[in-house]
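> have a look at this fold, sequence not included:
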C-alpha cells in the first residue's frame, strides 16, 4: 500500500517492520550458509578419504605389478592374481613401519662394520639362507678339522723332531737335545 503520513503508521513503524523482515531473511540466510559450510566440510572430508583410499589402491596395484610381473594394466602381462589375501599380506609386510625401522637399524649396524666383517657377514647370510650352502660349509669345516687331526697325529706319533731337523744342525748337541734327542751334558757340570 502507498504511504500516507499520519494514517495508521508512521515512517518509523514501516522501517521497523522492514528491518524485522530483513532480520528474518538474514537469519534464514545465515542458517543456510552454516548448513552449506557444514556440508562443504563434510564433502572435503569425504574427498580426502577417497583420495587417501585411491592412493592406497594405486600403491597396491603398483606392488602387485612389481611382485607378479604385471604389465602396465592392459590385462595381458604377467601372472593372474587370484589370492587377494596373499597380495594384501605382501603389501602390508612391504609397508610395515616396524619392518622399515628394523631395516634401517640393520643397515646402520652394517655400515659400522669393517670390510672383512662385511664379507664374513655376507657369506654367512648366504650360507644360512640355502640348504646346500649350509651343507657345503659344514662339510668344508669337517674336512679341515679332519685334516688338522691327521696332520697332528702324524707329527706326534710317526715322526721325531730329529727327522725334520736340518742336516747342518744335526751335529750340534744343543739343537739335537732341543728337538727330542739325547740331552747334552756339559763336562764341567759332572762331579
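Happy to help now that I have it. Since this is a predicted model, take the numbers as computed values, not measurements. Numbers count the residues shown, from 1 in each chain.

> going by C-alpha atoms from here, please, whenever you check contacts or count neighbours.
Will do.

> show me what the helix or strand residue 136 falls within is packed up against.
In this assignment (DSSP states H and E), residue 136 forms part of helix 131-157. Contacts defined by 3 or more Cα pairs under 8 Å, 6 or more residues apart in numbering; DSSP states H and E place helix 131-157 against helix 115-129.

> packing partners of the helix it packs on?
helix 131-157.

> quick one: mean pLDDT over the helix holding residue 136.
The average pLDDT within helix 131-157 is 90.

> and stretch 97-111, average pLDDT?
Mean pLDDT, stretch 97-111: 84.

> in that stretch, what's buried?
Along stretch 97-111, not one residue counts as buried under the neighbour rule (16 or more other Cα atoms under 10 Å).

> going forward, the N-terminal residue is numbered 756.
Sure, I'll start numbering at 756, so the last one becomes stretch 852-866.

> hang on, the earlier thing: relative to helix 870-884, how tilted is the helix holding residue 891?
Angle, helix 886-912 to helix 870-884, by axes from the mean of the first three to the mean of the last three Cα atoms, to 10 degrees: 110 degrees.

> isn't residue 873 right up against residue 864?
No: with contact defined as Cα atoms under 8 Å, residue 873 does not count as touching residue 864 (10.4 Å).

> what's the longest helix seen in the chain packed up against?
For the chain, the helix with the greatest residue count under DSSP state H is helix 766-823. Judged by 3+ Cα pairs under 8 Å, 6+ apart, helix 766-823 is in contact with helix 839-849.
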